[in-house]
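K.L.:
Need the 3D shape of this:
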Amino acid sequence: MQTLLEINGSLNMIGYAIATIAPALGVAWIFASVINGTARQPEARGAMMSTAFIGFAVVEALAIIAIALAFVLQ
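P.N.:
Presented below is the predicted three-dimensional model:
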């Protein structure tokens, strides 16, 4: 039989797995919007890609913070 302390570490990793859903959806929406915008206005591709990479970095920072908190709280 496991004690509550042993189960606690597993719960942090389950919480991290759930927390990665938001950054994954964010990255998907960012690049889907860039593809859609490029299809509508091909000459603006450069401006959209630079903005998309900045957004990508910000969204991925959420995932990095989430994994750091998952290990710190473990």
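K.L.:
Which parts of this structure are helices?
P.N.:
Per DSSP state H, the chain carries helices over the ranges 4-19, 21-40, 45-72.
K.L.:
Low-confidence ranges, this structure, go.
P.N.:
Flagging of the chain using pLDDT under 70 yields the residue ranges 1-10, 74.
K.L.:
So for it, which residue is the most central one in space?
P.N.:
residue 23 (1.9 Å; CA atoms, centre = their mean).
K.L.:
pretty sure that residue contacts residue 62?
P.N.:
Yes. Between residue 23 and residue 62 there is a contact under CB atoms under 8 Å: 4.9 Å. Using the backbone N, CA and C atoms, a C-beta is placed for each residue, glycine as well.
K.L.:
shared neighbours, the two?
P.N.:
Residues touching both residue 23 and residue 62 (CB atoms under 8 Å, 6 or more residues apart in numbering): there are none.
K.L.:
got the contact list for the closest residue in space to residue 26 that isn't next to it in sequence?
P.N.:
Nearest non-adjacent residue to residue 26, counting by CB to CB, 6 or more residues apart in numbering: residue 59, 3.9 Å away. Shown in contact with residue 59 (CB under 8 Å, 6+ apart): 23, 26, 27, 30.
K.L.:
Among the residues you listed, give me the pair with the biggest separation.
P.N.:
Based on CB to CB, the longest span within the contacts of residue 59 runs between 23 and 30 and measures 10.3 Å.
K.L.:
Right, I'll leave it there.
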